[in-house]
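**Student:** kindly return the folded structure for what I paste below:
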Amino acid sequence: MRSAESVMGRPKDHRHEPAGENLRTPKAFGRRPAFFAPHPPLMSGGWYQGADHEVTGPGRYPVPRPPAKSVKAALLWALFLGPLGLCYVSPVGGLIVTAVAVTVIAFGGASMVAVIWPLVMALSLTALSRRSGNGK
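**Tutor:** Next up, the predicted model:
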């Protein structure tokens, strides 16, 4: 019996063929840009990572500290939105408390709203005073 290689001949090695111009490849007619824009500057690595001052370095620009949260606004958000209003002070904490409140209301009944709402308002004040450090 003869092998397939002997019948068909030796296979071509396409890896070593000289690369010629392929007529089926589309050609671009646009001009190449004269320069590419530089990478945008990096954000700073300062106060939001626990430092008291802004840390700047090469390629970084200072980011302003976010404004302080207001006690009145925290109470109003908690009064009108309940557990979801806690997201004003702490987004992750607000979502966790909202999930807990929905579970408690589902198992304890609608009367649990009268217990949860004041607790959430007190929790928002506590979280705000802990976040700002001086209770402002």
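**Student:** below-threshold pLDDT in the protein: ranges please.
**Tutor:** Of all residues in the chain, those with pLDDT under 70 make up the ranges 1-21, 26, 28, 32-64, 132-136.
**Student:** show me where it has its strands.
**Tutor:** Per DSSP state E, the chain carries strands over the ranges 42-43, 60-61.
**Student:** show me the helices in this structure, by range?
**Tutor:** 4-8, 71-81, 91-108, 113-132 (DSSP state H).
**Student:** Leu23 is nearest to which of these?
**Tutor:** Leu23 lies closest to helix 4-8 among the helices of the chain, at 27.8 Å (C-beta to C-beta). C-betas here are computed from N, CA, C, even on glycine.
**Student:** could you measure from the closest residue to Met121 other than its chain neighbours over to Val102?
**Tutor:** Spatial nearest neighbour of Met121, chain neighbours left out: Ala78 (4.4 Å); criterion: C-beta to C-beta, 6 or more residues apart in numbering. Distance, Ala78 to Val102, by C-beta to C-beta, to the nearest Å: 16 Å.
**Student:** these two - which one has more neighbours?
**Tutor:** Ala78 (29 against 13; other C-beta atoms under 10 Å).
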